[in-house]
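Undergrad: Pasted the sequence and its predicted model underneath.
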Amino acid sequence: MKVKLINYTRDGERLIAQAGKLCYSPVGVDEIMEDLDDASIEKFVKMLMKLGHYSPLEHVSFTFAAEGVSRTLTHQLVRHRLASYSQQSQRYVKLDKFEYIIPPAIEENKKAKKIFLEAMEADNIAYKQITEELFAKYYNQLLEKGVSEKKAKSDAEKNAIEDARYVFPNACETKIVFTMNARTLLHFFEVRSCNRAQWEIRNMAIEMIKCVKDIYPSLFVNAGPGCTHGECPEGNMTCGKIIEVREFFKNI
Ligand SMILES: Cc1cc2nc3c(=O)[nH]c(=O)nc-3n(C[C@H](O)[C@H](O)[C@H](O)COP(=O)(O)OP(=O)(O)OC[C@H]3O[C@@H](n4cnc5c(N)ncnc54)[C@H](O)[C@@H]3O)c2cc1C
């Protein structure tokens, strides 16, 4: 898995403090820029977080790019509606062979790994054979309709790939670019870096925390699952490792 922060709002904590200052002080747009040194910015950001006044956080956004992740992961990621996504198309990017992610538990188990690899190989063969089969069918149909050979070839290939990709497994590797504002990001970390989250998206959430924590320390000082800044929200489903979890997130 590779996760990179490819862009973000510069001077984001200052921007959050400016938006917050406009809410709480009798100032106009010219004055919100004044008297905001590093110490007062930190104070403002911490105060807003403590009050739960999160809307100023929405002015600051972060764009990540991820590759070497599975469709299982991205299916969960895109459930977060307050974000923007651009994912590599399985329709327009032609693959001779799809890549796939092997879960660590399968990687470590010789028998499970053998079955898994055989299933991936069978899927890859099926993808290739279905593509070839459908290509021939679509190509002939298009030629019969009088479409030029060049166009028929390209359209038939596109149509064949579009249908053949239905055999792709959840393990299929994918690439995605996504943007979240700071408020959404903190919420994402709360639910997805928790021990109860699925391992792959949890690993990605941890990598994302590492990307942003040093850039905006006041904003992300408590970034992590809910239990890093309050009681465990999981109730009976708690992992029971609150001390270790808090320690882990304090040190990343
Ligand atoms: C451990 C775990 C297990 C899960 N298991 C399942 C499962 O079995 N099945 C399943 O379908 N999903 C499951 N999910 C996904 C989960 O239900 C959410 O869809 C996903 O985490 C996105 O969260 P969200 O809606 O809070 O995020 P976002 O869509 O980013 O929304 C952020 C916040 O905005 C508010 N909001 C957004 N849209 C609305 C709206 N339409 N109405 C009101 N408020 C809104 C809510 O406060 C929400 O928390 C699981 C998630 C986790 C972390």
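TA: On my side now, so go ahead.

Undergrad: and the residue of the stretch 151-252 of the chain found nearest the ligand, how many neighbours does it have?
TA: With distances taken as Cβ to the nearest ligand atom, the stretch 151-252 of the chain approaches the ligand most closely at residue 191, which sits 4.0 Å away. C-beta: built from backbone N, CA, C; applies to glycine. In terms of burial, residue 191 registers 18 neighbours under the definition other Cβ atoms under 10 Å.

Undergrad: what does the helix or strand that contains it rub up against?
TA: Taking DSSP states H and E as the definition, residue 191 sits inside helix 182-192. The set of residues that contact helix 182-192 without belonging to it, under Cβ atoms under 8 Å, 6 or more residues apart in numbering, is 12, 16, 54-55, 57-58, 60-62, 76, 80, 82-83, 180, 197, 201-202, 204-205, 208-209, 212, 216, 219-220, 223-226, 233.

Undergrad: Packing partners of the following helix or strand past it?
TA: If you walk from helix 182-192 toward the C-terminus, the next helix or strand you reach (DSSP H and E) is helix 199-213. Helix 199-213 sits against strand 2-8, strand 61-70, helix 71-77, helix 182-192, helix 217-220, with contacts defined as 3 or more Cβ pairs under 8 Å, 6 or more residues apart in numbering; DSSP states H and E.

Undergrad: Could you look up the SS state of residue 177?
TA: The assignment at residue 177 comes out as strand when based on DSSP: H, G, I helix; E, B strand; the rest coil.

Undergrad: wait, what's in contact with it?
TA: Contacts for residue 177 were tallied using Cβ under 8 Å, 6+ apart; they are 6, 63-66, 85-87.

Undergrad: Counting neighbours, which of those comes out on top?
TA: Among the contacts of residue 177, residue 64 has more neighbours than the rest - 23 neighbours, counting by other Cβ under 10 Å.

Undergrad: Run through the bridge partners of that residue.
TA: residue 5, residue 178 (DSSP bridges).

Undergrad: so it makes contact with residue 5?
TA: Yes. The pair formed by residue 64 and residue 5 meets the contact definition of Cβ atoms under 8 Å, at 5.7 Å.

Undergrad: what does the stretch 51-200 of the chain have sitting close to the ligand?
TA: Where the stretch 51-200 of the chain comes near the ligand, counting by Cβ under 6 Å from any ligand atom, the residues are 79-82, 184, 187, 191-192, 196-197.

Undergrad: mind listing the strands for the stretch 101-250 of the chain?
TA: Shown for the stretch 101-250 of the chain, the strands assigned by DSSP state E, counting those that start in this stretch span residues 173-181.

Undergrad: Skipping adjacent residues, who's closest to residue 80 in space?
TA: Closest residue in space to residue 80, ignoring its immediate chain neighbours: residue 188 at 5.8 Å, by Cβ to Cβ, 6 or more residues apart in numbering.

Undergrad: what's around that neighbour, how many residues?
TA: Here the count is done by other Cβ under 10 Å, and residue 188 has 22 residues near it.

Undergrad: Distance of the residue of the stretch 151-252 of the chain closest to the ligand relative to residue 233?
TA: Separation of residue 191 from residue 233 (Cβ to Cβ, to the nearest Å): 9 Å.

Undergrad: quick one: common contacting residues for the two?
TA: For the pair residue 191 and residue 233, residues contacting each of them under the criterion Cβ under 8 Å, 6+ apart are residue 226.

Undergrad: Contacts only, for the closest residue in space to residue 27 that isn't next to it in sequence.
TA: Here the nearest residue to residue 27 in space, its sequence neighbours aside, is residue 21; by Cβ to Cβ, 6+ apart that works out to 6.4 Å. Taking Cβ under 8 Å, 6+ apart as the criterion, residue 21 is in contact with 27, 32, 36, 44.

Undergrad: Residue 244 now?
TA: When contacts are counted by Cβ under 8 Å, 6+ apart, residue 244 touches no other residue.

Undergrad: how much space is there between it and residue 122?
TA: Residue 244 sits 41 Å away from residue 122 when distances are taken as Cβ to Cβ.
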